[in-house]
Every structure is written in structure tokens, then in C-alpha cells.
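Peer 1: Sharing a sequence plus its predicted fold:
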Amino acid sequence: MPIENETKYVLDDRHGELERSLTVACSRILRIRQGYLGPGVRIRETGKAGRSRSTPAHSFTYKQTVDGDVVEVETPISRSDFRKLWTKASPRLLKMRFVFRDQGLTWEVDFFKEDEATYFCLAEVELKARDRRVPDVPEQLRPYLLHTVQRGDRRFSSRNLADKIAASELLSSLRPGLPLPHSMKPDN
């Protein structure tokens with residue numbers, strides 16, 4: 001049974017410095033469009049970002065929590081099926097994903113976008129099914145670390161972060177007293 005076991009970290013990249021540095025440092029940058037069809041049901045289009053775009057891959061994913069574990073079943077679907085399902089998907093999101101390895105683990109840093117402006121940044125690392133440790137954040141991410149997400153905290157699911165206003169309020173609650181950058185204000 002495919003068990004999803006990831007640890008997430010909220011990053012604070014107000015000025016875009018991290019995103020710019022990862023653009024230079026990462027060889028694997030993905031542009032992801034994803035939408036939700038119901039509880040635990042997601043469709044995704046993943047393509048390479050930048051000049052060397054390839055034909056995007058399309059997938060259908062079902063997730064369900066069973067006995068405290070998240071079971072994730074993902075299967076490829078055709079571009080045509082993705083397009084049909086996309087018309088029914090809500091909410092929808094766009095994110096740029098930067099993928100790199102650090103200390104034997106694969107890290108993904110997602111920049112959630114609206115009109116190409118970033119409104120939320122989340123790093124995650126996938127661990128083996130029963131591994132409950134909280135890995136150290138890679139050195140290049142440490143200056144941006146705002147919050148380590150508790151296991152099972154659904155506020156930080158991509159589905160919830162697809163709502164820019166909710167994501168901005170959540171970000172604001174993690175850094176009290178600091179104003180949101182102009183690009184992250186809900187009415188922007």
C-alpha cells in the first residue's frame with residue numbers, strides 16, 4: 001500500500017530571494033497545475049518550467065487517511081481526460097516546484113502562484129512509510145524557515161493553500177506583527 005509520509009515547512013520568502021536562488025541552483029523545476037474534484041481526489045498537470053518545456057504529464061490521485069497513515073494512489077491519465085476533469089475542478093492552483101537532494105533526501109519547494117506572483121512558499125520532504133523523524137532543513141532553506149508543520153495539520157494542504165486569502169491569513173498568523181508584503185495582500 002503506498003503510504004505518504006511527508007514533513008512540511010513554511011518558508012518566508014517575502015522578497016523572492018529564495019526563489020531566485022533556487023532558479024539558478026536547481027536543475028529540476030516543475031510547473032504544476034492542480035485541481036480538486038472532491039475530498040481526497042486531485043488531478044495534476046506537471047511540466048518542466050523554463051525554455052525546455054516538455055509535454056506535461058497528467059495524473060489522477062486519490063488520498064485517504066487510514067489508521068493514521070495517508071494512503072495515496074496515483075495513476076496517469078490522458079491530456080484529454082485532464083482537460084475534461086479540469087472544467088469540474090475546484091479549487092485550482094498553480095505552483096512552481098523546485099526539486100533537489102540534500103543529505104540523501106529529496107526536497108520539494110513549492111511557490112504557490114497567482115498571476116505569476118508568489119503568495120505562499122512550502123517545502124516538503126518525503127520519508128519512508130514508518131520514519132517519524134523531523135529532518136533538518138537544508139542549509140539553503142534555513143534563513144527562510146518560518147514554521148515546521150505538525151504532522152496531520154491540514155491547514156497546510158495544497159488544497160487549503162489554493163485559497164489565496166486563507167493562505168495569506170495563515171502566513172500572517174505565523175509572523176504576528178509583520179505586515180504582509182504587497183504581493184500577498186488578499187485584495188491585491
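Peer 2: Ah, there it is.

Peer 1: Lowest-scoring secondary structure element of the chain by mean pLDDT?
Peer 2: strand 3-4 (a mean of 73; mean pLDDT, DSSP states H and E).

Peer 1: Residues contacting it, please?
Peer 2: 63, 69-72, 126, 129 (Cβ atoms under 8 Å, 6 or more residues apart in numbering). All C-beta atoms are positioned from the backbone trio N, CA, C, and that covers glycine.

Peer 1: what do you get if the cut-off is 7 Å, keeping everything else the same?
Peer 2: For strand 3-4, the external contacting residues (Cβ atoms under 7 Å, 6 or more residues apart in numbering) are 63, 69-72, 129.

Peer 1: Now, the residues you listed that are in strands?
Peer 2: Among the contacts of strand 3-4, the ones falling in strands (DSSP state E) are 63, 69-72.

Peer 1: Of those residues, which is the nearest to residue 88?
Peer 2: Nearest to residue 88 among the ones in strands among the contacts of strand 3-4, counting by Cβ to Cβ, is residue 63 at 18.0 Å.

Peer 1: which residues touch residue 121?
Peer 2: Applying Cβ under 7 Å, 6+ apart to residue 121 gives the contacts 11, 13, 109, 111.

Peer 1: ranking those residues by neighbours, who comes first?
Peer 2: residue 109 (26 neighbours; other Cβ atoms under 10 Å).

Peer 1: Next, it: phi, psi?
Peer 2: As for residue 109, its main-chain torsions (degrees, to the nearest 10) stand at phi -120, psi 120.

Peer 1: shaky segments in this structure?
Peer 2: Counting by pLDDT under 70, the chain shows low-confidence ranges at 1, 50-54, 177-188.

Peer 1: Show the residue spans covered by the strands in it.
Peer 2: With DSSP E as the criterion, the chain has strands at 3-4, 6-11, 28-38, 41-48, 57-66, 69-76, 92-102, 105-114, 117-126, 145-148.

Peer 1: helices or strands up against the second one?
Peer 2: The reference is to strand 6-11. Packing contacts for strand 6-11, counted by 3 or more Cβ pairs under 7 Å, 6 or more residues apart in numbering; DSSP states H and E, involve strand 117-126, strand 145-148.

Peer 1: any idea of the angle the first one forms with strand 6-11?
Peer 2: The directions of strand 117-126 and strand 6-11 differ by 150 degrees, with axes from the mean of the first three to the mean of the last three Cα atoms, to 10 degrees as the criterion.

Peer 1: about what we covered before: quick one: buried ones out of the ones in strands among the contacts of strand 3-4?
Peer 2: The neighbour-count test (16 or more other Cβ atoms under 10 Å) marks 63, 70, 72 as buried among the ones in strands among the contacts of strand 3-4.
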